[in-house]
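Asker: test case, fold it:
(one chain, ligands or ions: 2)
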Amino acid sequence: MGRYDHLDESVVRERPSRRNTRPRSKDRPAHEDAVTGMVVGVDRGRYTVRVQDRTVVAMRARELGRTRIVVGDVVGMVGDTSGDPDTLARIVRVEDRRTVLRRSADDSDTVERVIVANAEQLVIVTAVADPEPRTRMVDRCLVAAYDAGMDPLLLLTKADLGDPEEFLSHYRALDVPHVVSRGTSDGALDAAGVAEIGRHLAGRTSVLVGHSGVGKSTVVNALVPGTDRATGPVNVVTGRGRHTSSSAVALELAGGGWVVDTPGVRSFGLGHVDPATFVEHFEDLAPGTALCPRGCSHDEPACGLDEWVRRESVPHGVERLGSLRRLLRSRSGEERG
Ligand SMILES: Nc1nc2c(ncn2[C@@H]2O[C@H](COP(=O)(O)OP(=O)(O)OP(=O)(O)O)[C@@H](O)[C@H]2O)c(=O)[nH]1
Ligand SMILES: [Zn+2]
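Answerer: Residues are numbered from 1 along each chain as shown. Ligands and ions are numbered 1, 2, ... in the order given. Predicted coordinates:
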């Protein structure tokens, strides 16, 4: 089993026991002539697929069964893959996914939805003000990033409205990289900040997540001029922006790499995240679970991690353990941040 094989929902759903079976893409003998591309948009059963320098519109072949296809999926297509107007190709296979970003509808719900496939970086976008930053929302996104096998990046926007330092102090022990963006008096974004964001995104596939109104589309428009992602003012009553972007879409960066803009995340359920395996993402702490009682939640008095941190003098161990527990707690309960 590859490290991320368990993340492939088609495997989870349809092939609970995958051992000793060949990868599903090889199970299909036909379609050796299939053309491979990446899904960059999904809209009511029509998939927009980028193949080298052309864009193909496709539908799913019936033989795919119930496998969901999402932005970032690498797919094989047959039929008319010319990309000419009014042509339609057929997607006949979905390659195994390297990463899967998913969310459940809420925390009690274990039926998860894949949002984006194969992305390497989760850019967690939070405004310094308007709307107010919420550590809980960011914590939950961090849990989702680690769970997905993605690298997190904190993007603090609207730094013209306040100082990001206090908020960033919550994340020191986690060693999460961050980048700051600020608006200018003429309503544009400071060019140096945009350039630094660009450097973090270059050559990889990144997903932007964050509440509506934090400025995701504004950043995307600055990074990819001409995309014209709809932006809108924050609603003064709810403190939230209008949901100005309605579907996930992948945009190509001029210097290489992709950025995926998702609609404002309102509920980011984490019901599918298992606390027992989550600790594995803290490589310095994970060996200490040998000291834990069976079935330890790692957030209870009997947990052996406190002793481990003391005994091994884990660097910043107390803070790291505190952060791990804060993230574990952010999993449960309704998302309010
Ligand atoms: N002061 C200030 N305002 C900003 C900045 N960036 C964006 N805004 C404003 O914040 C509002 C929301 O920005 P959007 O880019 O639409 O936010 P979004 O996160 O894409 O929102 P959804 O599409 O609803 O998810 C707009 O009125 C922007 O002009 C900034 O750096 N400083
Ligand atoms: Zn424990």
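
Asker: tell me the buried residues in stretch 46-66?
Answerer: For stretch 46-66, a neighbour-count test (16 or more other C-beta atoms under 10 Å) marks Tyr47, Thr48, Val49, Arg50, Val51, Val56, Val57, Ala58, Arg60, Ala61, Leu64 as buried. For the C-beta atoms, the positions are set from N, CA and C on the backbone; glycine is no exception.

Asker: repeat that for stretch 151-161.
Answerer: So, applying 16+ other C-beta under 10 Å, buried residues of stretch 151-161: Asp151, Pro152, Leu153, Leu154, Leu155, Leu156, Thr157, Lys158, Ala159.

Asker: tell me the domain boundaries of the chain?
Answerer: Annotated domains of the chain cover 5-94, 100-261, 275-330 [automatic domain parsing].

Asker: need the winner for burial among those.
Answerer: domain 100-261 (a mean of 18; mean count of other C-beta atoms under 10 Å).

Asker: what mean pLDDT does it have?
Answerer: The average pLDDT within domain 100-261 is 83.

Asker: and the end-to-end length of it?
Answerer: 15 Å (C-alpha to C-alpha, to the nearest Å).

Asker: how about stretch 98-118?
Answerer: Using C-alpha to C-alpha, the two ends of stretch 98-118 sit 5 Å apart.

Asker: which residue packs closest to the residue of the stretch 51-200 of the chain found nearest ligand 1, ignoring adjacent ones?
Answerer: In the stretch 51-200 of the chain, the residue that lies nearest ligand 1 is Gly183 (2.7 Å; C-beta to the nearest ligand atom). Distances taken as C-beta to C-beta, 6 or more residues apart in numbering put Asp160 closest to Gly183, at 4.6 Å, once the chain neighbours are dropped.

Asker: same question for Ala188.
Answerer: With C-beta to C-beta, 6+ apart, the residue lying closest to Ala188 is Ala222, at 7.6 Å.

Asker: in which helix or strand would I find Arg311?
Answerer: Per DSSP states H and E: Arg311 is located in helix 305-312.

Asker: now swap in Ser217 and tell me
Answerer: Going by DSSP H and E, Ser217 is in helix 216-223.

Asker: packing partners for that helix?
Answerer: On a contact count with 3 or more C-beta pairs under 8 Å, 6 or more residues apart in numbering; DSSP states H and E, helix 216-223 meets strand 151-157, helix 191-201, strand 205-209, strand 258-261.

Asker: now do the helices in this structure.
Answerer: With helices called from DSSP state H, the chain shows them at 9-14, 24-27, 135-148, 165-168, 191-201, 216-223, 275-278, 305-312, 317-330.

Asker: Val179: which of these is closest?
Answerer: helix 191-201 (5.3 Å; C-beta to C-beta).

Asker: ok so, going back, ligand 2 next: which of the buried residues of stretch 151-161 are close?
Answerer: Among those, proximity to ligand 2 is found for none (C-beta under 5 Å from the ion).

Asker: what's the closest of the residues you listed to Val75?
Answerer: For Val75, the closest of these turns out to be Asp151, at 24.4 Å, with distances computed as C-beta to C-beta.

Asker: report the beta-bridge partners for that closest one.
Answerer: Applying DSSP bridges to Asp151 gives these bridge partners: Gln121.

Asker: ditto for Val207
Answerer: Beta-bridge partners, per DSSP bridges, of Val207: Leu122, Val260.

Asker: show me what contacts it?
Answerer: Shown in contact with Val207 (C-beta atoms under 8 Å, 6 or more residues apart in numbering): Leu101, Ile115, Val116, Ala119, Gln121, Leu122, Val123, Met150, Val259, Val260, Thr262.

Asker: number of residues surrounding the last one?
Answerer: Residues near Thr262, counting by other C-beta atoms under 10 Å, number 18.

Asker: for Ser181, give me its contacts.
Answerer: Ser181 neighbours (C-beta under 8 Å, 6+ apart): Leu155, Leu156, Thr157, Lys158, Ala159, Leu189, Asp190, Gly193, Val194, Ile197, Gly215, Val219.

Asker: so Thr157 sits against Gly213, correct?
Answerer: No - applying C-beta atoms under 8 Å, one finds Thr157 not in contact with Gly213, separated by 10.0 Å.

Asker: returning to that earlier point: quick check, the helix holding Ser217 touching ligand 1?
Answerer: Yes - against ligand 1, helix 216-223 shows contacts by C-beta under 6 Å from any ligand atom at Lys216, Ser217, Thr218.
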